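> here's my sequence, what's the structure:
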Amino acid sequence: MNDARDASERGGSSVDSVTRAPVDESGDGGTRADVDVPDGAKSHVCEHCGHPFPEERYRTLHAGLEHYDRLDDDEREAFGEAYEAEGAEIRRFRLLALAALLLLYFGFLFMYAAFA
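Numbers count the residues shown, from 1 in each chain. Predicted coordinates:
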């Protein structure tokens, strides 16, 4: 459980050296999987299950979704803010994807009209 934290705290020059941290992917406490964390990589580890994350906001979202009943008020507030920010990013992505599809559609439509 502390392997990922220890790996992130000690600096390593070897990129090939990897620490394996057990992770519960199912959420029911059953099957465990391994997550590779390179020695030099900084990871944010969930204090409840030991899952390493590359960014603090991912750990915050995980804690709120998987361990909400164990969080204190500050952690729940941080989860709410991270959840809203993630929702805003998803809405922005959807708008950009829609704009790209519309541009592609009308681009092909005008090319067809011009060359056909």
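
> buried sites along stretch 79-96?
By 16 or more other Cβ atoms under 10 Å, the buried positions in stretch 79-96 come out as 79, 82. Using the backbone N, CA and C atoms, a C-beta is placed for each residue, glycine as well.

> show residues contacting that stretch.
For stretch 79-96, contacts defined as Cβ atoms under 8 Å, 6 or more residues apart in numbering pick out 57, 60-61, 63-64, 68, 71.

> tell me the phi and psi of Pro52?
Per-residue torsions, Pro52: phi -90, psi 150 (degrees, to the nearest 10).

> swap in Pro38?
Backbone geometry at Pro38, expressed as degrees, to the nearest 10, gives phi -60, psi 150.

> same question, Phe53
When read as degrees, to the nearest 10, the backbone of Phe53 gives phi -130, psi 150.

> how many residues are close by the closest residue to it other than its chain neighbours?
The shortest distance from Phe53 to any non-neighbouring residue, by Cβ to Cβ, 6 or more residues apart in numbering, is to Arg59 (4.2 Å). Arg59 has 19 neighbouring residues, counting by other Cβ atoms under 10 Å.

> ok, now which ones touch Arg59?
44-46, 51, 53.

> in those residues, find the pair that's most separated.
Spanning the widest gap among these are His44 and His51, at 9.5 Å by Cβ to Cβ.

> when the two are compared, which one has more neighbours?
Between His44 and His51, counted using other Cβ under 10 Å, His51 has the larger neighbour count: 24 against 19.

> in stretch 62-72, which residues are buried?
62-64, 71.

> could I get it in CSV with only the CA atoms?
Extracted as CSV, the C-alpha positions of stretch 62-72 are listed here (Å, rounded to 0.1, in the frame of the first residue of the first chain):
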residue,chain,number,x,y,z
HIS,A,62,-11.6,9.0,-6.9
ALA,A,63,-12.0,9.6,-3.2
GLY,A,64,-15.3,11.3,-3.6
LEU,A,65,-16.7,8.6,-5.9
GLU,A,66,-15.4,5.5,-4.1
HIS,A,67,-14.9,6.6,-0.5
TYR,A,68,-17.4,9.4,0.0
ASP,A,69,-18.6,8.1,3.4
ARG,A,70,-15.1,8.3,4.8
LEU,A,71,-14.4,11.9,3.8
ASP,A,72,-14.5,14.9,6.1
